[in-house]
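Colleague: Provided below for reference: sequence and predicted model.
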Amino acid sequence: MSDKISTTPEAELARNICASFGNKASELLEILHELQHRHGFVPEAAIPAIAKAVNLSRAEVHGVVTFYHDYRREKPGRHIVKICRAEACQSMAAEETCSHAERKLKVKLGGTTSDGSVTLEGVFCLGNCALSPAVMIDDKLHGRVTPQRMDELLGGLARKAAE
Amino acid sequence: MITIYVPKDSAAVSVGADSVASAIAAEAVKRGQSVNIIRNGSRGMFFMEPLVEVATDKGRMAFGSVTASDVPSLFDAKFGAHSKALGLTEEIPYLKNQERLIFARAGLNDPVAVEAYQASGGYKGLAKALGMTGAAIAAEVTESGLRGRGGAGFPTGIKWKTVHDAVAEQKYICCNADEGDSGTFADRLIMESDPLTLIEGMTIAAICVGATEGYVYIRSEYPDAISIMKQAIANAEAAGFLGGNICGSGKAFSLKVRVGAGAYICGEETAMLESIEGKRGMVRPKPPIPALEGLFGMPTVINNVLSLASVPAILAEGAAFYKNYGMGRSRGTQAFQLAGNIKQGGLVEKAFGITLRQLIEDFGGGTFTGKPLRAVQVGGPLGSYLPASKLDLPMDYETFAANAAMVGHGGIVVFDTSVDMAKQARFAMEFCAAESCGKCTPCRIGSTRGVEVIDKIIAGEAREQNLVLLEDLCQTMTDGSLCAMGGLTPMPVLSAVRDFPEDFDRPARAQAAE
Ligand SMILES: Cc1cc2nc3c(=O)[nH]c(=O)nc-3n(C[C@H](O)[C@H](O)[C@H](O)COP(=O)(O)O)c2cc1C
Ligand code: SF4
Ligand code: FES
């Protein structure tokens, strides 16, 4: 099993990315970031391919993938909405923004809407603590996100999808 | 042609700076007027963002909290008298009353423009350093009194000297830009608004200790800081300030950005090293200290962004100049970050010794909601909660330590009377459980037990016994944890119990009222 070369597209992509980072084990985080950037998540089939390419055990690669909160094991929604749940945002009622978004999207933190449009995540601090509550949508930061502002932002995503 | 500055800092953009910039561009086209829009960094007065500035012969005039709909009227007013006008930027009291050494250039220019950086005093420190021996640079930094701004407050010059004195084929400079503490954004601000200051500081460190390679470890939550740092590094290299022959000195230093992956513990220096090496962020036992056996086993300087960004001014102006600021053993300036429930949140760089009250009331303008202030968490998620009665404490490492608190990375998070301190204590344990690297039991298991015990206290279950149990648990975590994650989590928890006991007595009070 272990020396058979996997031919799934995921494994192929993982191998190419490893090669672009010189197949170096020290580049593992960068490799995983790039894979997630291109594929949306880190698929199971990529793990043995990466392990082989950078000369680590599968368990080691698996250990890294599971240690870090960033790496996803499943396909996320088309948009990723991250709500800050840390202290500065707590002091500005981020919890209300959070439960409002959960109700509106009908998902819990960590979940993806049934139509696959949005994944809702909780994070600890986005560095926008002077303009709390903070939210990040697909790498774009938003400040002073009250429940009303959350509605506008989610409405914007829905409009984008309709276009 | 008029020159208009609109910040591209992510906090400014988070409240609409991009749409203001495009509205200005569109309006100019519509009116057939030519404008030069410069996307500068932020001045750090986040409560006024988007802060638009216009260059005039008197200086830069500011307009605060500008929205896209303000733009036509700004043009009508020829960027003069307007309801959003704040006068000269430099005269705004929030900025004028600061002592900016690290952030002197933040928001002045296009952050990645090397020429503009030099024109505003940049690279003077490096020029000095290139004419000094490594030992003399380390001595200058030691003499300045600079202590690490990442939290622990270790003297930076002494760390550099250790690495300088170590004999090895390869040495590294690692900048800790993981900035995971809630309530902090100063590292992000310098990286987005004046990244070349950090690059200059790292280059001076490299020349001092004889390192030829460096890493900036930036958390993944900061995508804009990552791309701006990368661009600034490329520009510095193209201008000969990084690379194989720095300013023709024959000395080499190259710099790479490494991106974290969402793990608070990777801010702990040895976990960060593991992460840069591509591994799980597990804390390493010390000794060996990273200064002797750090990245890939080699002598390594690890410093916070602000420690490194303080160095150019120290070299340029001299240790005596820097040391003149501050109080006691806390020398120089600290980047205080006003966050949370505060009217005027932003960055305030001041000499140590300023009180919390001056920061929160004079600069911050009190709470955002207008309700009374009840608690302040200083120094991030591992820092104590201070009650309103302690606002007159001066910001100084030793004073805070004597009051069972810490200055840490300078984050100040304000809470009004709506805060429930039992919930905050519970969160501190929950955060530790979520972010523990898992290496030691008191931290990994203790934090989960802590959440359970606090839940019982909140529910009013055997309250007295559970409070004793919580104290014991905190003692075990303090004594038995390998690093400050488990070791300091008891700080916010115990400070909440000590100074806000009424919040741990809620159901009893509710019952008594029945
Ligand atoms: C759990 C934990 C998280 C930390 N996070 C950071 C961080 O985000 N940034 C930082 O500079 N230091 C952080 N530190 C402190 C570092 O371990 C280290 O002391 C610091 O980077 C040294 O640089 P300095 O001397 O310039 O402060 C953290 C420490 C612990 C225990
Ligand atoms: S105290 Fe916690 S985070 Fe620190 S080494 Fe131990 S388990 Fe890891
Ligand atoms: S605590 Fe929410 S952005 Fe920092």
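Modeller: Ah, there it is. Ligands and ions are numbered 1, 2, ... in the order given.
Colleague: okay, CA-based contacts and neighbour counts for the rest of this
Modeller: OK.
Colleague: By average pLDDT, which secondary structure element in chain B comes out worst?
Modeller: helix B:506-513 (a mean of 59; mean pLDDT, DSSP states H and E).
Colleague: what does chain A give?
Modeller: Scoring the helices and strands of chain A by mean pLDDT, DSSP H and E places helix A:147-162 at the bottom, with a mean of 92.
Colleague: Which neighbouring elements make contact with that one?
Modeller: Taking 3 or more Cα pairs under 8 Å, 6 or more residues apart in numbering or on different chains; DSSP states H and E as contact, the helices and strands that helix A:147-162 lies on are helix A:94-105.
Colleague: The next helix or strand after the helix it packs on versus helix A:147-162: what angle between them?
Modeller: Using DSSP states H and E, the helix or strand that follows helix A:94-105 towards the C-terminus is strand A:118-123. Orientation check (axes from the mean of the first three to the mean of the last three Cα atoms, to 10 degrees): strand A:118-123 against helix A:147-162 gives 140 degrees.
Colleague: and the angle for strand A:118-123 with helix A:94-105?
Modeller: Using the same axes, to 10 degrees: strand A:118-123 against helix A:94-105 is 160 degrees.
Colleague: List the neighbours of strand A:118-123 that are in contact with it.
Modeller: With contacts defined as Cα atoms under 8 Å, 6 or more residues apart in numbering or on different chains, strand A:118-123 is touched by A:76-86, A:102, A:105, A:107-113.
Colleague: Can I get stretch B:295-307 in CSV? Just the C-alpha atoms.
Modeller: The C-alpha atoms that make up stretch B:295-307 are tabulated as CSV, following Å, rounded to 0.1, in the frame of the first residue of the first chain:
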residue,chain,number,x,y,z
LEU,B,295,16.1,27.7,15.2
PHE,B,296,17.4,24.5,13.6
GLY,B,297,19.6,24.2,16.8
MET,B,298,21.5,27.4,16.0
PRO,B,299,22.0,30.5,18.1
THR,B,300,18.9,32.7,17.6
VAL,B,301,17.7,36.1,18.5
ILE,B,302,14.0,36.0,19.2
ASN,B,303,12.3,39.3,19.7
ASN,B,304,8.9,40.8,19.5
VAL,B,305,8.1,43.2,16.6
LEU,B,306,8.1,46.2,18.9
SER,B,307,11.4,45.3,20.6
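Colleague: quick one: that stretch near ligand 1?
Modeller: Yes. Judged by Cα under 6 Å from any ligand atom, stretch B:295-307 comes into contact with ligand 1 through B:302-304, B:307.
Colleague: now do stretch B:435-453
Modeller: No. Legend: contact between stretch B:435-453 and ligand 1 by Cα under 6 Å from any ligand atom is lacking; minimum distance shown is 8.1 Å.
Colleague: Would you mind listing the outside residues contacting that stretch?
Modeller: Residues external to stretch B:435-453 that are found in contact with it (Cα under 8 Å, 6+ apart): B:263-265, B:281-283, B:426-427, B:429-430, B:432-433, B:466-467, B:469-470, B:473, B:476-477, B:480-482, B:485-487.
Colleague: Stretch A:97-105 now?
Modeller: For stretch A:97-105, contacts defined as Cα under 8 Å, 6+ apart pick out A:83, A:108-109, A:113, A:118, A:120, A:133, A:145-147, A:150-151.
Colleague: What ranges does the stretch 301-450 of chain B have for its strands?
Modeller: Applying DSSP state E, counting those that start in this stretch to the stretch 301-450 of chain B gives strands spanning B:326-327, B:330-331, B:333-340, B:346-351, B:373-378, B:385-387, B:411-416.
Colleague: Tabulate these (CSV), appending distance to residue B:440.
Modeller: Shown next, in CSV, are the strands of the stretch 301-450 of chain B (distance: least, Cα to Cα, whole Å):
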stretch, distance to residue B:440
strand B:326-327, 37
strand B:330-331, 33
strand B:333-340, 32
strand B:346-351, 36
strand B:373-378, 26
strand B:385-387, 26
strand B:411-416, 27
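Colleague: Near ligand 3, which residues of chain A are found?
Modeller: Near ligand 3, when you scan chain A using Cα under 6 Å from any ligand atom, you find A:84, A:86-89, A:125-129, A:132-134.
Colleague: which residues sit in contact with the spatially most central residue of chain B?
Modeller: The centre of chain B sits closest to residue B:186, judged by Cα atoms, centre = their mean, with a distance of 3.2 Å. Residue B:186 makes contacts with B:306, B:335-337, B:347, as judged by Cα under 8 Å, 6+ apart.
Colleague: Of the residues you listed, which is the nearest to ligand 2?
Modeller: Lowest distance from ligand 2 to those (Cα to the nearest ligand atom) belongs to residue B:306, with 23.1 Å.
Colleague: got a pLDDT number for that closest one?
Modeller: Residue B:306 is assigned a pLDDT of 98 by the prediction.
Colleague: Got the phi and psi for the residue lying closest to residue B:360 once chain neighbours are set aside?
Modeller: Beyond its immediate neighbours in the sequence, the residue positioned closest to residue B:360 (Cα to Cα, 6 or more residues apart in numbering or on different chains) is residue B:366, lying 5.9 Å away. Backbone torsions for residue B:366, taken as degrees, to the nearest 10, come to phi 80, psi -170.
Colleague: thinking residue B:366 is in contact with residue B:342, fair?
Modeller: Yes. Taking Cα atoms under 8 Å as the definition, residue B:366 is a contact partner of residue B:342 at 5.7 Å.
Colleague: more crowded one of those two?
Modeller: residue B:342 (32 against 22; other Cα atoms under 10 Å in any protein chain shown).
Colleague: Which residues are in contact with the more buried one?
Modeller: By Cα under 8 Å, 6+ apart, the neighbours of residue B:342 are A:130, B:360, B:364-369, B:414.
Colleague: Whatever residue of chain A ends up closest to ligand 2 - how many residues pack around it?
Modeller: Closest contact between chain A and ligand 2, by Cα to the nearest ligand atom, is at residue A:67 (12.1 Å). By other Cα under 10 Å, 20 other residues sit near residue A:67.
Colleague: tally of neighbours for the nearest residue to residue B:8 once chain neighbours are set aside?
Modeller: Among residues not flanking residue B:8 along the chain, residue B:39 sits closest, at 5.4 Å (Cα to Cα, 6+ apart). Burial of residue B:39, expressed as a neighbour count using other Cα under 10 Å, amounts to 21.
Colleague: that older thread, what does the least confident helix or strand of chain A rub up against?
Modeller: Helix A:147-162 has contacts (Cα under 8 Å, 6+ apart) with A:79, A:96-97, A:100-101.
Colleague: Of the residues you listed - the most surrounded one?
Modeller: residue A:97 (26 neighbours).
Colleague: CSV for the strands of the stretch 301-450 of chain B, including mean neighbour count?
Modeller: Formatted as CSV, the strands of the stretch 301-450 of chain B follow (neighbours: other Cα atoms under 10 Å in any protein chain shown):
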stretch, mean neighbour count
strand B:326-327, 20
strand B:330-331, 22
strand B:333-340, 30
strand B:346-351, 25
strand B:373-378, 25
strand B:385-387, 26
strand B:411-416, 29
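Colleague: mind putting these in TSV, mean pLDDT included?
Modeller: Putting the strands of the stretch 301-450 of chain B into TSV (pLDDT from 0 to 100) gives the following:
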stretch	mean pLDDT
strand B:326-327	96
strand B:330-331	98
strand B:333-340	98
strand B:346-351	98
strand B:373-378	98
strand B:385-387	98
strand B:411-416	98
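Colleague: Check the gap between residue B:245 and chain A for me.
Modeller: Distance, residue B:245 to chain A, by Cα to the nearest Cα, to the nearest Å: 26 Å.
Colleague: thinking that residue is in contact with residue B:254, fair?
Modeller: No. Using Cα under 8 Å, residue B:245 is not in contact with residue B:254, being 10.0 Å away.
Colleague: Put the buried members of the residues of chain A next to ligand 3 into a ChimeraX selection.
Modeller: Command for ChimeraX that selects the buried part of the residues of chain A next to ligand 3, burial taken from 16 or more other Cα atoms under 10 Å in any protein chain shown:
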select /A:84,86,87,88,89,125,126,127,128,129,132,133,134
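Colleague: Relative to residue B:459, which of the residues of chain A next to ligand 3 is nearest.
Modeller: Checking the residues of chain A next to ligand 3 against residue B:459 with Cα to Cα, the nearest one is residue A:87 at 22.3 Å.
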